[in-house]
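Colleague: Fold the following.
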Amino acid sequence: MSVIPVIKIGDILEMKKPHPCGEKSFKVLRVGSDIKLCCVGCGRTLTLERVKVEKMIKKIISCEVDDGQ
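Modeller: Numbering: from 1, shown residues only. Here you go, the predicted structure:
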């Protein structure tokens with residue numbers, strides 16, 4: 001049984017294959033049944049199905065949110 005990754009807005013995802021610009025890191029902009037990503041290298045945005053993104057992820061670099069408490 002595989003573990004489903006928890007993807008949050010602001011996380012940086014390192015993918016298995018690079019974007020055409022050569023960068024492998026993408027920032028998460030929106031999460032739902034589709035996930036909107038922004039390439040860290042060139043700034044291009046793309047929207048992909050959640051299932052496809054989950055298969056493409058190599059590593060999740062979680063963003064730590066400081067809520068001031």
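
Colleague: Leaving out chain neighbours, which residue sits closest to the spatially most central residue of the chain?
Modeller: With distances taken as Cα atoms, centre = their mean, residue 13 lies nearest the centre of the chain, 3.8 Å away. Among residues not flanking residue 13 along the chain, residue 26 sits closest, at 5.0 Å (Cβ to Cβ, 6 or more residues apart in numbering). Using the backbone N, CA and C atoms, a C-beta is placed for each residue, glycine as well.

Colleague: Surely the residue nearest to the centre of the chain touches residue 19?
Modeller: No - using Cβ atoms under 8 Å, residue 13 is not in contact with residue 19; the gap is 11.4 Å.

Colleague: coming back round to it: what pairs with the helix or strand encompassing the residue nearest to residue 13, parallel or antiparallel?
Modeller: Secondary structure assigned from DSSP states H and E places residue 26 in strand 25-31. Partners of strand 25-31 in the sheet, by DSSP bridges, are strand 12-15 (antiparallel), strand 34-39 (antiparallel).

Colleague: Now tabulate those in a markdown table and tack on distance to residue 56.
Modeller: Converted to a markdown table, the strands paired with strand 25-31 look like this (distance: least, Cβ to Cβ, whole Å):
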| stretch | distance to residue 56 |
| --- | --- |
| strand 12-15 | 5 |
| strand 34-39 | 10 |
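
Colleague: Mean pLDDT added to the ones you listed, as CSV?
Modeller: Listed next are those as CSV, based on pLDDT from 0 to 100:
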stretch, mean pLDDT
strand 12-15, 95
strand 34-39, 96
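
Colleague: between those, which one is nearest to residue 53?
Modeller: Shortest distance between residue 53 and these, using Cβ to Cβ, is found for strand 34-39: 4.8 Å.

Colleague: for that closest one, which positions count as buried?
Modeller: Across strand 34-39, burial judged by 16 or more other Cβ atoms under 10 Å covers 35-39.

Colleague: and which of those residues is nearest residue 47?
Modeller: Comparing those against residue 47 with Cβ to Cβ places residue 36 closest, at 4.8 Å.

Colleague: all helices for the chain, in order.
Modeller: For the chain, applying DSSP state H gives helices covering 50-56.
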